[in-house]
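> sharing a sequence plus its predicted fold:
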Amino acid sequence: MAATTTKQSAELEQLGINVIRGLAMDAPQKAHSGHPGTAMALAPLAHVLFTRIMKYDPTDPDWPDRDRFILSPGHACILLYSMLYLTGYGMELEDLKQFRQFGSRTPGHPEVHHFPGIEVTTGPLGQGFAQGVGMGVAERILRTEFGPDLTDHHTFVICGDGDLMEGVSHEAASLAGHLGLGHLIYIYDDNHITIDGPTEITLDDDPAKRFEAYGWHVEDLGEIANDTDALEAAIRRAMAVEDKPSFLILRSHIGYPSPKMTDNPKAHGDPFGDDEVAATKAIMGLPTDETFWVPEDVLDMYRQAVPRGHAARAEWVARSEARAQGPAAGGALANMERWDALWQNRGANGWQSKLPTWKAGDDPIATRKSTNVALNAIAPDLPGLTSGAADLTGNTGTKLDGIEQQSKQHPGGRQIAYGVREHAMGAVMNGLSLHGGALPVGGTFFTFSDYMRGAVRIAALSEAKVIYFWTHDSVGLGEDGPTHQPVEQLASIRAMPGLRVIRPADANESAHALRIAVERNGPTALILSRQNLPVLEGTAEMAAGGVEKGAYILIDGGDDPDVVLIGTGSEVSVCVEAVPILAEEGIIARVVSMPSWELFDEQDDDYQDLVLGPGAPVLSVEAASAFGWARWADDSVAIDHFGASAPGATVLREFGFTAEHVAERAQALLDDLSIDVFDESEEDQ
């Protein structure tokens with residue numbers, strides 16, 4: 001049941017709304033930067049949500065059954081920051097005065113984990129919209145499994161014209177409608193303004209018809225942006241709709257009630273200037289000679305959120321304790337232990353022991369398949385696991401055995417069919433993770449990681465615990481050709497801060513890559529092969545520690561090897577095959593498997609020196625761009641061009657990924673270095 005405030009006088013409520021509008025002007029004005037107009041227009045809506053509708057406890061902002069609030073147009077963040085201050089989350093007036101300043105708690109767009117009460121990172125338009133869908137899926141799964149006494153909350157999303165123009169919102173809206181997600185309330189701020197001018201210069205869509213076609217409950221609210229009672233009534237009507245998401249179209253006026261900035265495109269992203277701020281405050285009855293003015297009676301009104309939230313959370317705590325001590329105590333207790341594991345985002349004790357092991361000489365197996373074997377082996381011990389793909393479930397190894405598919409008919413299903421919606425999949429995964437109680441796995445072909453890159457970047461910024469199965473990882477995928485063959489993607493995603501990238505060499509490495517992804521926080525990308533790969537000698541024993549450290553010596557070559565061959569993924573086996581060829585020429589080679597640059601970078605200098613050898617030349621071998629390898633290697637066998645359509649083995653052979661060619665390149669590297677050394681010795685003479 002949603003929380004409801006004690007009824008305030010209309011005059012005090014209006015004063016509170018005007019105070020929010022004053023803060024929305026003052027903070028950007030002081031910063032000489034910011035977006036006041038949308039926050040001003042939506043102040044009544046925020047007031048209604050935070051005082052009459054949403055259940056939340058500012059003293060326990062991570063309470064699992066709180067309502068979630070997402071401000072998808074994150075540029076209007078001063079609205080959210082003002083509400084976090086007013087309702088007692090611990091933000092101070094001084095924080096608002098430091099809006100958009102270095103090191104402040106009020107950056108230019110909301111960032112999850114940066115301050116309590118911020119549920120997701122928004123700013124890139126459409127991301128908040130799509131993350132809300134993920135939160136809706138997580139809530140429904142938990143409500144289905146544990147019942148409404150433990151999970152029964154709503155996700156409220158404010159979205160704008162920019163969100164609806166971005167393609168990711170279309171993908172996510174289509175998915176949400178198809179799934180029939182209730183408990184999702186989206187309020188569309190239809191202010192008819194973009195940076196370039198009125199929306200009419202770029203947009204003729206009928207949003208009501210569009211969302212009706214998606215399968216949403218739609219209501220066009222018209223001109224009620226300043227009518228708090230009408231806003232509350234509309235939102236409560238939407239909350240009563242259980243079988244589909246709701247889309248409320250609210251006609252607002254950006255910059256209201258500014259004399260010059262109302263409905264003015266400049267109100268979107270420009271501070272108003274001192275004169276216009278003063279004129280607007282005068283209209284609202286606020287002191288024109290004060291900034292950041294918040295009278296005590298207004299603050300007291302909003303701070304009622306604290307005792308109201310305490311009461312709602314106390315009722316929930318009582319229900320959860322009763323569940324654990326109920327008549328069926330054994331089953332109930334086990335259920336609550338599962339609940340605790342969900343919210344701690346961990347597996348059952350000892351789940352790692354369930355990981356499979358392969359022996360050298362076992363049948364070759366693609367890492368996309370071995371990772372699926374490992375996933376299903378540990379799935380029963382990972383209570384929060386959800387898995388799915390962008391129309392490639394079987395191809396990417398994301399199929400969970402015996403698990404129902406999420407749908408209207410199976411609302412607790414943890415197998416998610418995302419359809420051909422890579423960008424939405426990435427953003428929905430972020431919403432699932434940040435909601436809590438879910439550990440999302442999602443898969444697509446590696447080349448299509450480009451389609452979901454915006455969401456992946458948000459995952460890295462948000463430290464969202466998500467796991468990507470990016471398969472068909474090289475030109476080795478074969479006949480589909482250059483459009484499907486990733487070349488530059490590895491270098492590109494390795495450049496992204498906060499994203500852990502692991503490209504395992506064989507089945508054993510893939511199992512431990514998955515283990516690390518589950519054990520560690522933040523996003524992890526597993527880069528997996530389409531083609532079968534041999535199970536390598538030594539990985540059954542060494543992969544557990546070796547993958548953890550990012551790189552390890554697979555074939556030693558003694559204390560003083562002549563050359564070090566570094567491989568990743570499918571190319572490690574090519575390096576192994578090159579060793580005896582080099583030995584015939586009297587060249588001793590060390591083979592290093594380096595599944596993860598990021599994990600190797602975490603190691604100290606001593607370990608890195610131990611692995612890379614005492615000054616021997618290093619040749620990297622990877623069926624992708626050479627970009628970045630200069631950090632670790634003296635030369636690279638790589639692909640700095642697009643691929644070709646042919647059987648995978650043929651393409652790899654033609655592009656030089658054979659043991660013979662690697663041996664030739666290693667010999668050439670040694671020859672080049674010996675010439676260089678000889679030339680230097682002549683100069684010394």
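Nice, thanks for sending it over.
> this structure - how does it break down into domains?
Split into domains by automatic domain parsing, the chain comes to 10-312, 352-527, 545-684.
> skipping its backbone neighbours, what lies nearest residue 410 in space?
Spatially, and ignoring its direct neighbours in sequence, residue 410 is nearest to residue 404 (4.2 Å; CB to CB, 6 or more residues apart in numbering). Placement of C-beta: from N, CA and C, glycine included.
> how many other residues sit next to that neighbour?
Residue neighbour count, defined by other CB atoms under 10 Å, stands at 13 for residue 404.
> please identify the most buried of the domains of the chain.
domain 352-527 (a mean of 22; mean count of other CB atoms under 10 Å).
> how far does that domain stretch from one end to the other?
Domain 352-527 has its terminal residues 21 Å apart, counting by CA to CA, to the nearest Å.
> and what of stretch 194-211?
One end of stretch 194-211 sits 21 Å from the other (CA to CA).
> chain center to it, what's the gap?
Taking CA atoms, centre = their mean, to the nearest Å, the mean C-alpha location of stretch 194-211 is offset from the chain mean by 28 Å.
> and that stretch, average pLDDT?
Per-residue pLDDT values over stretch 194-211 give a mean of 94.
> repeat for stretch 239-252
When pLDDT is averaged along stretch 239-252, the result is 98.
> just the helices in the stretch 351-500 of the chain please.
Here the stretch 351-500 of the chain has its helices, by DSSP state H, counting those that start in this stretch, at 367-378, 393-396, 422-435, 453-462, 489-494.
> output the longest one as CSV, restricted to C-alpha atoms.
What it means is helix 422-435. As requested, C-alpha coordinates have been extracted for helix 422-435 and formatted as CSV (Å, rounded to 0.1, in the frame of the first residue of the first chain):
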residue,chain,number,x,y,z
GLU,A,422,20.4,-5.2,-27.6
HIS,A,423,20.4,-1.7,-26.2
ALA,A,424,17.3,-2.3,-24.1
MET,A,425,18.7,-5.6,-22.9
GLY,A,426,21.8,-3.8,-21.6
ALA,A,427,19.7,-1.1,-19.8
VAL,A,428,17.1,-3.5,-18.5
MET,A,429,20.0,-5.6,-17.0
ASN,A,430,21.2,-2.5,-15.2
GLY,A,431,17.7,-1.9,-13.8
LEU,A,432,17.5,-5.5,-12.7
SER,A,433,20.9,-5.3,-10.9
LEU,A,434,20.3,-1.9,-9.3
HIS,A,435,16.9,-2.8,-8.1
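> and it, what does it pack against?
For helix 422-435, the elements it packs on are helix 127-146, helix 167-179, strand 385-389, strand 439-445, helix 453-462, judged by 3 or more CB pairs under 8 Å, 6 or more residues apart in numbering; DSSP states H and E.
> per-residue confidence averaged over it?
For helix 422-435, the per-residue pLDDT values average out at 98.
> go on, the second one?
pLDDT averaged over helix 393-396 equals 98, rounded to a whole number.
> picking that back up, in contact with the residue nearest to residue 410, which residues are there?
Residues in contact with residue 404, defined by CB atoms under 8 Å, 6 or more residues apart in numbering, are 410, 412, 413, 414, 415.
> dump the residues you listed to TSV, plus pLDDT and distance to residue 670.
Supplementary listing: the contacts of residue 404 in TSV, determined by pLDDT from 0 to 100; distance: CB to CB, whole Å:
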residue	pLDDT	distance to residue 670
410	98	61
412	97	60
413	98	57
414	98	53
415	98	52
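> and of those, the nearest to residue 96?
Here the nearest of these to residue 96, counting by CB to CB, is residue 414; it sits at 41.2 Å.
> from residue 245, how far out is the closest one?
Here the criterion is CB to CB, to the nearest Å. By it, residue 414 lies 20 Å from residue 245.
> do residue 512 as well
The value you get for residue 512 to residue 245, if CB to CB is used, is 39 Å.
> returning to what we had before: could you dump the domains of the chain to a markdown table with distance to residue 339?
Formatted as a markdown table, these follow (distance: least, CB to CB, whole Å):
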| stretch | distance to residue 339 |
| --- | --- |
| domain 10-312 | 6 |
| domain 352-527 | 8 |
| domain 545-684 | 30 |
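> stretch 529-536: how far from the chain's middle?
Distance, stretch centre to chain centre, for stretch 529-536: 29 Å (CA atoms, centre = their mean).
> export that stretch to PDB, keeping only CA atoms.
Once side chains and other backbone atoms are set aside, the C-alpha atoms of stretch 529-536 remain, and they are given as PDB (Å, rounded to 0.1, in the frame of the first residue of the first chain):
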ATOM      1  CA  SER A 529      34.100 -18.300 -29.000                       C
ATOM      2  CA  ARG A 530      31.700 -19.800 -31.500                       C
ATOM      3  CA  GLN A 531      34.100 -22.400 -32.700                       C
ATOM      4  CA  ASN A 532      35.200 -25.400 -30.600                       C
ATOM      5  CA  LEU A 533      38.500 -25.100 -28.800                       C
ATOM      6  CA  PRO A 534      40.800 -27.800 -27.300                       C
ATOM      7  CA  VAL A 535      41.000 -28.300 -23.600                       C
ATOM      8  CA  LEU A 536      44.600 -27.300 -22.900                       C
END
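> what does that stretch contact?
With CB under 8 Å, 6+ apart as the contact definition, stretch 529-536 has outside contacts at 358-368, 471-474, 476-478, 505-508, 554, 569-570, 572-573, 576, 593, 648-649.
> can I get the helices of the stretch 351-500 of the chain in CSV including distance to residue 117?
Compiled in CSV, the helices of the stretch 351-500 of the chain are given as follows (distance: least, CB to CB, whole Å):
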stretch, distance to residue 117
helix 367-378, 34
helix 393-396, 36
helix 422-435, 13
helix 453-462, 15
helix 489-494, 31
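> residue 322: which of those is closest?
In terms of CB to CB, the element of the helices of the stretch 351-500 of the chain nearest to residue 322 is helix 422-435, at 24.0 Å.
> which of the helices or strands spans residue 204?
Element membership for residue 204, per DSSP states H and E: none, as it lies in no helix or strand.
> could I get the full set of strands for the stretch 401-550 of the chain?
For the stretch 401-550 of the chain, strands defined by DSSP state E, counting those that start in this stretch occupy the ranges 415-417, 439-445, 467-471, 500-502, 524-527.
> can you tell which of those is closest to residue 78?
Closest approach to residue 78 among the strands of the stretch 401-550 of the chain (CB to CB): strand 439-445, 31.2 Å.
> which strands and helices sit next to that closest one?
Applying 3+ CB pairs under 8 Å, 6+ apart, we find strand 439-445 packed against strand 385-389, helix 393-396, helix 422-435, strand 467-471.
> can I get the helices and strands packed on helix 422-435 in CSV including distance to residue 351 and mean pLDDT?
Listed next are the helices and strands packed on helix 422-435 as CSV, based on distance: least, CB to CB, whole Å; pLDDT from 0 to 100:
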stretch, distance to residue 351, mean pLDDT
helix 127-146, 19, 97
helix 167-179, 29, 98
strand 385-389, 11, 98
strand 439-445, 12, 98
helix 453-462, 23, 98
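> where does the prediction get shaky in this structure?
Within the chain, the set of residues satisfying pLDDT under 70 comprises 1-7, 326-334, 675-685.
> repeat that for 90
For the chain, the stretches with pLDDT under 90 are 1-8, 321-338, 340-341, 345-346, 557-559, 613-615, 673-685.
> with adjacent residues omitted, what lies nearest to the residue most central in space within it?
Within the chain, the residue whose C-alpha comes closest to the C-alpha centroid is residue 459; the distance, by CA atoms, centre = their mean, is 2.6 Å. What sits nearest to residue 459 in space, not counting adjacent residues and going by CB to CB, 6+ apart, is residue 523, at 4.2 Å.
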